[in-house]
Every structure is written in structure tokens, then in C-alpha cells.
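Colleague: below is the sequence, then the predicted model.
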Amino acid sequence: MSNKIVIIPTYNELENIEAIIRKVMSLPDGFDVLIVDDNSPDGTAKIVMGLQAEFNSRLHLLERPGKNGLGTAYIAGFKWCLERSFDYIFEMDADFSHNPDDLSKLLKACETDGAGLAVGSRYITGVNVVNWPMSRVIMSYYASAYVRFITGMTIRDATAGFVCYTRTTLNAIELDKIKFKGYAFQIEMKFKAWLAGVKITEVPIIFTDRTLGTSKMSKKIFREAFFGVIELKIKSWFRKKS
């Protein structure tokens, strides 16, 4: 077991799960992997179980009884990691939209350069998105601008889901008080880290839309993010910034 672990939440990722695990395991940094599976009916968890013997103690599986949102999956994963000896805890999608090779850059930002939160950013050096329709690129880009305007954060990619947290940062965030479940969860985590005075670094990446499987984005998730940002800002007025 290393001190670095990549959390990958899954729901029906049959087409991607073995390939993403093998890729992360092949990297020279020696990452552990934690799959948080929400009872995928396509048998995603069974594939992970079949690989555990091959990767010994480096591949972990946390099974949940049903689909209950991205945010709750990550919170469960964070708590699992904090109960163990991991110091660098990553979020990454299963569908290769995040390039596993970029994990090393996020690790360096925290381990070597002293960041408490490293964000794999699509927008820190322009717009680095591949295979998205222009309408979605525009929506995502201006969503981050909206978040900056409302919250006061300077993060260019506030909705990014490819990040590295240090143990210290996660301990500074009251995980039991994280409210949102969809993409607003990503904003809320960054906002709480920012309020806690955490050093946040954006690392440029290229985001490539999935080629296998189905996207989990929905109008409900988008609405939660849009109105949730206002709620986060209002609540922050009633607490003192660290």
C-alpha cells in the first residue's frame, strides 16, 4: 500500500473499468486505486473483484447498495482513505476523459510544490476540451466564470472532477456537511477548501470526452450546480474565512 490513491466512482462502466485500472496501475508513481461502485447492474464490480488478485493490495473496492450521486460516492471514498494511511487522494473519472498520465502532474503540485489541492484544469491555458459539442464547451466555460463571479474564487475550472487533495486538506473540510451530490459537489469542495485557506493550484490538462459508455450529466445536475453556487455564497457570509 502506498500513500497515494486514486478514487474512481463507477456506475455501469463495464467498457472502461479494466482498461482504466490497468493504465493507472502501470504508472511509475505506484498509485493505489479505490473503485466506489454504486451496484452497477452491468457487473462493473465483478470485473474489479476479478482483478484484485492480480494487483494484490493496491486495488480496493467499496460497494454501495445503489446509485446515490457522485458527491456521496466521493465522500464515502474520502472517508475510507482517511481511515487508512493515504496522504494524497485523487478524484478521476473511469471513462478516460481524464488522462491517467496527468496524475503525476497533480501529484507533483501537491507533493513537491506544496499545494493542498491541485486541480486538473481545462481552462487555465485557454479551452482544452476534445470531442465536446460547442454548446457544451460554452456552457462549461461560462459556468466556471459564473462560479468565479458569485463566489469570489479565482479558480478557472471550478467544476473540474480531476483533482488531488492532501490528507490535511480533506481533514480541514467538514465532509459530513458537504451537501451537493452532482457537479455542484465539485464546486462545493473547492469552495470549502478555499474558505479554509488551502493553497489551490491549477494544472493544465486536456479533457477528452468519453468514447465508451454513457454520460451521467442531466438537467437536474446542472440546476443543482447553478442554484447551489448562490446558496454556498450566502452561507459563507455567516462563517469567518480562515
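Modeller: Yes, it's here.
Colleague: do I have it right that Asn39 meets Leu62?
Modeller: No: applying CB atoms under 8 Å, one finds Asn39 not in contact with Leu62, separated by 11.5 Å. Yep, even glycine has a C-beta here, placed from its N, CA and C like the rest.
Colleague: between the two, which is the more surrounded one?
Modeller: Neighbours were counted for Asn39 and for Leu62 using other CB atoms under 10 Å; Leu62 has more, 19 against 13.
Colleague: quick check: the more buried one is in a helix.
Modeller: No: checked against DSSP: H, G, I helix; E, B strand; the rest coil, Leu62 lies outside a helix; its state is strand.
Colleague: next up, the contacts around it.
Modeller: Leu34, Ile35, Val36, Asp37, Ala76, Gly77, Trp80 (CB atoms under 8 Å, 6 or more residues apart in numbering).
Colleague: can you give me the helices for this protein?
Modeller: 17-26, 44-55, 70-82, 103-111, 134-151, 167-172, 184-195, 219-236 (DSSP state H).
Colleague: mean neighbour count added to the ones you listed, as JSON lines?
Modeller: As requested, these are exported to JSON lines (neighbours: other CB atoms under 10 Å):
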{"stretch": "helix 17-26", "mean neighbour count": "18"}
{"stretch": "helix 44-55", "mean neighbour count": "17"}
{"stretch": "helix 70-82", "mean neighbour count": "20"}
{"stretch": "helix 103-111", "mean neighbour count": "20"}
{"stretch": "helix 134-151", "mean neighbour count": "15"}
{"stretch": "helix 167-172", "mean neighbour count": "17"}
{"stretch": "helix 184-195", "mean neighbour count": "24"}
{"stretch": "helix 219-236", "mean neighbour count": "15"}
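Colleague: redo those helices as a markdown table? Include distance to Ile206.
Modeller: Shown next, in a markdown table, are those (distance: least, CB to CB, whole Å):
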| stretch | distance to Ile206 |
| --- | --- |
| helix 17-26 | 16 |
| helix 44-55 | 26 |
| helix 70-82 | 22 |
| helix 103-111 | 12 |
| helix 134-151 | 13 |
| helix 167-172 | 25 |
| helix 184-195 | 18 |
| helix 219-236 | 23 |
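Colleague: any idea which of these scores lowest on pLDDT?
Modeller: The weakest mean pLDDT among the helices of the chain belongs to helix 219-236, with a mean of 68.
Colleague: quick check: Thr72 vs Cys110, distance?
Modeller: 24 Å (CB to CB, to the nearest Å).
Colleague: give me every residue that touches Lys233.
Modeller: Neighbours of Lys233 in contact, by CB under 8 Å, 6+ apart: Ile150, Thr151, Gly152.
Colleague: again, only using 10 Å
Modeller: For Lys233, the contacting residues are Val147, Phe149, Ile150, Thr151, Gly152, Met153, Phe191, by CB atoms under 10 Å, 6 or more residues apart in numbering.
Colleague: distance of the second one relative to Met139?
Modeller: This points to Phe149. From Phe149 to Met139 the distance is 15 Å (CB to CB).
Colleague: same question, Ala53
Modeller: In this view, Ala53 and Met139 are 43 Å apart by CB to CB.
Colleague: again with Leu195
Modeller: In terms of CB to CB, Leu195 sits 26 Å off from Met139.
Colleague: Ile187 now?
Modeller: 14 Å.
Colleague: cool, and Asn131?
Modeller: Taking CB to CB as the measure, Asn131 falls 15 Å from Met139.
Colleague: equivalent analysis for Asn16, please.
Modeller: In this view, Asn16 and Met139 are 24 Å apart by CB to CB.
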